[in-house]
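Novice: sequence-free structure coming up:
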């Protein structure tokens with residue numbers, strides 16, 4: 001029946017989301033990761049003709065995984081965009097899990 005098909009479709013959706021779960025480290029562990037130094041400015045050379053310029057150019061890091069995007073959200077559980085084909089390392093799920101290990105040294109039993 002239509003109701004049974006809907007229930008099966010929803011159960012499959014929930015199973016898929018459950019498989020893409022990533023458990024994030026708590027805020028204490030995340031705060032122990034060293035931060036990059038902010039850019040320094042020389043204000044002595046400032047003016048209309050010669051504005052202050054940074055000594056260290058600001059490094060912008062583009063988010064490459066779900067962990068990058070949700071790092072400062074405070075959420076404990078996030079969902080990756082997708083898994084790699086046939087369990088390969090090219091999916092967001094695998095990249096995010098490896099990033100948690102590399103940057104935070106964090107391994108959760110559900111990851």
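Specialist: Cool, got the structure. Just so it is clear, the structure is predicted and the values come from calculations on it, not from any experiment.

Novice: Tell me which residues touch residue 83, please.
Specialist: Residues near residue 83 by Cβ atoms under 8 Å, 6 or more residues apart in numbering: 19, 20, 91, 92, 93, 94. Quick note: C-beta positions are derived from backbone N, CA and C, even for glycine.

Novice: Swap in 6 Å and give it another go.
Specialist: Residue 83 makes contact with 91, 93, according to Cβ atoms under 6 Å, 6 or more residues apart in numbering.

Novice: Show me the strands in this protein, by range?
Specialist: Secondary structure of the chain (DSSP state E): strands located at 21-23, 77-79.

Novice: neighbours around residue 9, how many?
Specialist: 10 (other Cβ atoms under 10 Å).

Novice: picking that back up, in a markdown table: the strands of the chain, plus distance to residue 8.
Specialist: A markdown table is the format used below for the strands of the chain (distance: least, Cβ to Cβ, whole Å):
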| stretch | distance to residue 8 |
| --- | --- |
| strand 21-23 | 21 |
| strand 77-79 | 21 |
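
Novice: which of those is buried the deepest?
Specialist: Looking across these with neighbours counted as mean count of other Cβ atoms under 10 Å, the highest average goes to strand 21-23: a mean of 17.

Novice: If you drop the residues flanking it in sequence, what lies closest to residue 74?
Specialist: Distances taken as Cβ to Cβ, 6 or more residues apart in numbering place residue 27 nearest to residue 74, at 6.9 Å, with adjacent residues excluded.

Novice: how close does that neighbour sit to residue 91?
Specialist: Applying Cβ to Cβ, to the nearest Å, the value for residue 27 to residue 91 is 27 Å.

Novice: go on, residue 18?
Specialist: From residue 18 to residue 91 the distance is 16 Å (Cβ to Cβ).

Novice: out of those two, which sits in the busier spot?
Specialist: A direct count of neighbours by other Cβ under 10 Å for residue 18 and residue 91 places residue 91 higher, at 19 against 10.

Novice: which ones are touching that one?
Specialist: Residue 91 makes contact with 82, 83, 84, according to Cβ under 6 Å, 6+ apart.
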